[in-house]
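Student: sequence first, predicted coordinates after that:
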Protein chains: 2
Amino acid sequence: MIKKISIGDIATALNISKSTISFIINGKAKEKRISSALTEKVLQYVDENGYKPSRLAQSLSTGKTMIIGLMVEKISDYFFAQMAYHIEEIAYQNGYKIFYCSTDNDPDKTRELIQLFRDRNVDGYIITPPAGMEKEIQSLIDEGSPVVLFDRYYPDIESSYVILDNFQASYNASKYLADNAFAHIAFITLESDQSQMEDRKQGYAKAMAEHGLEVIIEKIPYGNDPAQTVKQLVRFLRQNKRVDAVYFATNYLAFSGVKAINQLGYKIPGTMAIIAFDDHQVFDFYEPTITAVAQPISELARQSIRVLLSMLNKPLEERAVQKVIVPAHFIVRNSTVRLL
Amino acid sequence: MIKKISIGDIATALNISKSTISFIINGKAKEKRISSALTEKVLQYVDENGYKPSRLAQSLSTGKTMIIGLMVEKISDYFFAQMAYHIEEIAYQNGYKIFYCSTDNDPDKTRELIQLFRDRNVDGYIITPPAGMEKEIQSLIDEGSPVVLFDRYYPDIESSYVILDNFQASYNASKYLADNAFAHIAFITLESDQSQMEDRKQGYAKAMAEHGLEVIIEKIPYGNDPAQTVKQLVRFLRQNKRVDAVYFATNYLAFSGVKAINQLGYKIPGTMAIIAFDDHQVFDFYEPTITAVAQPISELARQSIRVLLSMLNKPLEERAVQKVIVPAHFIVRNSTVRLL
DNA sequence: TAATTAAACAAAACCAGTTTAGCAAAATGA
DNA sequence: TCATTTTGCTAAACTGGTTTTGTTTAATTA
């Protein structure tokens, strides 16, 4: 059980003051006119004894923890996990550590987590906010904490955010189906009032309107058990026999959808074309491969952390609200092939 | 920008000493003989002004951060993400926060991360260790830090750990294939000297030996690109035409394997039976559904955090090394059906 | 009634740093 | 040669808590 050595220990050992050591360690030796002889001596001692300043004490006195709080919807979700992964990497390069956690889209849990981050004195926040957190987010901003919303945003709050161009991406995907002569295109989405889900719906609706096609929307309760979802979709497809293409608003809805379609004995492609919003590894190896709207994850991550870092590096007054909208990729695979 | 109120501010406001306030807040009012009148007054003030002690200051003076460092191989991996999720939940219930990160199985990165956790003064560690970290882990233990290894362990180190019974689970899966009259059972694994991979190989080998079957092992380089893996497996299966069952040592190897098998035009089941070690959501919805060895994730998580908490709650001398081995579940699905 | 004990709180040390203000000695300038 | 500036460093205050030790007053006890 080796006790860690403190700045005070060094001061005693070398018979100099703590402040001198602090200056030297923080590279302010010249600025503070410490002789190079003493500077050398201290640095050597530090090196030999493996001294590392206590981050706790540093944080307490500087008020900075060099920690960024990252709140995603669900860290076990591929999309969010990848986001976290990329954000973390860039954060590290800038000396920041990431504290991350899942909101599960639960307002109460989110409130607790925000409080927790606040308690832990994180320097900044990147948040995928559940619906209805406007007040909490606003109060974070009011406190002077740098906040970047991500994946979704609140139209009524003047905050920085980084989101996908959900509307355009969804419009493109829907239009693709319509252009390929699918005539009854259903949109399967969640019962959710999150901004990104609303945008996806609007994109779909616009494409349908432009092509004079019927709007067919089925909503799945949020947080539904996959088996339940399959049942609901089987029922839906039975009652809507004319549907020849299904566009799913999330990738896991597509998973359940594929299962439902298989259960009904429909063929993809052939009887039914499908598109999923938000690409997934599996879409590329499943038979048939599944056409998807892909979110450029690393780009979204890069933008999010870039915006946050730019806020962290500026004093409160100079911080500008930054709103970033990133375009999606549309990946055409076999599930939307028109069989003649 | 509301400035946070400190214990000193309260002391000044109520004209009493900091220590009195500290005692009251920490529920030691009676023990420290603070009058109930004053106790009331302080608690009310605290409540009205929303005072929360600074965790930083608390940590600095108590030496405890109430943070657990959780290092997994890859947080975007379903298995680890779920583990993290469950561990986090129980940790929270016990007042602990989780700091988590991915090692990517990279020894250098892991070293850095351990250093980082150390710097951040985490109270305890749950680690999925890459091969060759014995020295670092040992030095953590020597420092008196509670450490629980998880998913794999070092035979040469006296540390607590929680692992799956890889040997038995792998033996059972292999035996299942042999019992069902598959005659040429290949084992696809990673070039890795991690304990869990070795155990899986041994389990397979034992079952083959007992049934007098040939041991056919193909090793994929660790961290291989999926496309590369598919190529290698196609080559392997071409050269081993008699193989009628493939047992994959990880779920992502199975993904590539399925793709390779499809490319060769083999049918699952029929031409080829497959089993994957480590279940995956997709195995249940893929056609055919895929037989798998399932790790009881929540049980593994529960055990890991339980062991760590029991160490955290005991003084150094009373801490016992705990070694937990959890049995796996074998989930039979369609990929191992014998077609007559 | 004096000595002892208990009650109720305060003071101060401590955790491990950062930062501001300041001081003595040496160097420079008039 | 004396005032001024520069050099090189230190002391002390501060961050916001916890914990040990001290002190005063009131209540018991002998």
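Tutor: Looks like it arrived, so ask away.

Student: tell me how many other residues crowd A:Asn94.
Tutor: 14 (other C-beta atoms under 10 Å in any protein chain shown). For every residue, glycine as well, the C-beta is placed using N, CA and C.

Student: and A:Gly88, what pLDDT?
Tutor: Careful, residue A:88 is Glu; it's not Gly. For A:Glu88, the model assigns a pLDDT of 89.

Student: just give the nearest non-adjacent residue to it, would you?
Tutor: In this structure, A:Glu88 finds its nearest non-sequential neighbour in A:Ile98, 4.7 Å apart by C-beta to C-beta, 6 or more residues apart in numbering or on different chains.

Student: wait, doesn't that neighbour sit right on A:Met66?
Tutor: No. The criterion here is C-beta atoms under 8 Å, and A:Ile98 misses it with A:Met66 at 10.5 Å.

Student: more crowded one of the two?
Tutor: Using other C-beta under 10 Å as the criterion, A:Ile98 and A:Met66 rank with A:Ile98 on top: 22 against 17.

Student: before we move on, what SS does that one have?
Tutor: strand (DSSP: H, G, I helix; E, B strand; the rest coil).

Student: got the residues of the stretch 1-150 of chain A near DNA strand D?
Tutor: A:15-20, A:23, A:32-35, A:37-38, A:57, A:60-61 (C-beta under 7 Å from any atom of the strand).

Student: kindly report the same for the stretch 201-340 of chain A.
Tutor: Counting by C-beta under 7 Å from any atom of the strand, no residue of the stretch 201-340 of chain A is near DNA strand D.

Student: which residues in the stretch 201-340 of chain A form helices?
Tutor: With helices called from DSSP state H, counting those that start in this stretch, the stretch 201-340 of chain A shows them at A:226-239, A:251-263, A:297-312.

Student: close to chain B, is the longest one?
Tutor: No. Helix A:297-312 stays clear of chain B (C-beta under 8 Å from any C-beta of the partner chain), getting no nearer than 10.2 Å.

Student: packing partners for that helix?
Tutor: helix A:78-93, strand A:124-127, strand A:147-150, strand A:160-164, strand A:323-326 (3 or more C-beta pairs under 8 Å, 6 or more residues apart in numbering or on different chains; DSSP states H and E).

Student: now do the contacts for the nearest residue to A:Gly124 once chain neighbours are set aside.
Tutor: Spatial nearest neighbour of A:Gly124, excluding adjacent residues (C-beta to C-beta, 6+ apart): A:Pro146 at 4.0 Å. Residues in contact with A:Pro146 (C-beta atoms under 8 Å, 6 or more residues apart in numbering or on different chains) are A:123-125, A:160, A:308, A:311-312, A:319.

Student: so which of those residues is the most crowded?
Tutor: A:Leu308 (28 neighbours).

Student: spatially nearest residue to it, not counting backbone neighbours?
Tutor: Here the residue nearest A:Leu308, using C-beta to C-beta, 6+ apart, is A:Val148, at 4.7 Å.

Student: for A:Leu190, give me phi and psi.
Tutor: phi -100, psi 150 (degrees, to the nearest 10).

Student: so what sits opposite it in the bridge?
Tutor: Residues in a beta bridge with A:Leu190, per DSSP bridges, are A:Ile220.

Student: need the contact partners of stretch A:235-242.
Tutor: A:183-184, A:186, A:188, A:216, A:218, A:243, A:246, A:260-261, A:264, A:266.

Student: what residues sit buried inside stretch A:183-201?
Tutor: Neighbour-count burial for stretch A:183-201 flags A:185-190, A:192, A:194-201 (criterion: 16 or more other C-beta atoms under 10 Å in any protein chain shown).

Student: same thing with stretch A:267-274?
Tutor: Neighbour-count burial for stretch A:267-274 [16+ other C-beta under 10 Å]: A:268-269, A:272-274.

Student: please apply the same query to stretch A:207-223.
Tutor: Those would be A:207-208, A:211, A:213, A:216, A:218-220, for stretch A:207-223 by 16+ other C-beta under 10 Å.

Student: want to throw those into TSV with distance to A:Pro129 and pLDDT?
Tutor: TSV is the format used below for those (distance: C-beta to C-beta, whole Å; pLDDT from 0 to 100):
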residue	distance to A:Pro129	pLDDT
A:Ala207	28	97
A:Met208	29	97
A:His211	34	96
A:Leu213	33	96
A:Ile216	30	97
A:Glu218	26	97
A:Lys219	21	96
A:Ile220	21	96
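
Student: name the nearest of the residues you listed relative to chain B.
Tutor: A:Ile220 (15.8 Å; C-beta to the nearest C-beta).

Student: and the closest one, how far from A:Ala131?
Tutor: 16 Å (C-beta to C-beta, to the nearest Å).

Student: strands of chain A, start to end?
Tutor: Using DSSP state E, the strands of chain A run over A:67-72, A:97-102, A:124-127, A:147-150, A:160-164, A:185-191, A:216-221, A:245-248, A:273-277, A:291-294, A:323-326, A:329-331.

Student: quick one: contacts for the closest residue to A:Val215 other than its chain neighbours?
Tutor: Leaving aside its chain neighbours, A:Val215 sits nearest to A:Met208 (5.0 Å; criterion: C-beta to C-beta, 6+ apart). Each residue near A:Met208 by C-beta under 8 Å, 6+ apart is listed here: A:174, A:178, A:185, A:214-215.

Student: overlap between the residues you listed and the residues near DNA strand C?
Tutor: Counting by C-beta under 7 Å from any atom of the strand, no member of the contacts of A:Met208 reaches DNA strand C.

Student: for the residues you listed, which one is nearest A:Gly50?
Tutor: A:Ser174 (60.9 Å; C-beta to C-beta).

Student: isn't that closest one right next to A:Ile185, touching?
Tutor: Yes. Using C-beta under 8 Å, A:Ser174 is in contact with A:Ile185, at 6.6 Å.

Student: which neighbours do these two share?
Tutor: A:204, A:208, A:247.

Student: now the helices and strands packed on helix A:297-312 in a markdown table, with distance to DNA strand C?
Tutor: Converted to a markdown table, the helices and strands packed on helix A:297-312 look like this (distance: least, C-beta to the nearest atom of the strand, whole Å):
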| stretch | distance to DNA strand C |
| --- | --- |
| helix A:78-93 | 20 |
| strand A:124-127 | 18 |
| strand A:147-150 | 24 |
| strand A:160-164 | 26 |
| strand A:323-326 | 32 |
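
Student: can I get these in a markdown table with distance to A:Ile7?
Tutor: Below are those laid out as a markdown table (distance: least, C-beta to C-beta, whole Å):
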| stretch | distance to A:Ile7 |
| --- | --- |
| helix A:78-93 | 25 |
| strand A:124-127 | 27 |
| strand A:147-150 | 34 |
| strand A:160-164 | 37 |
| strand A:323-326 | 42 |
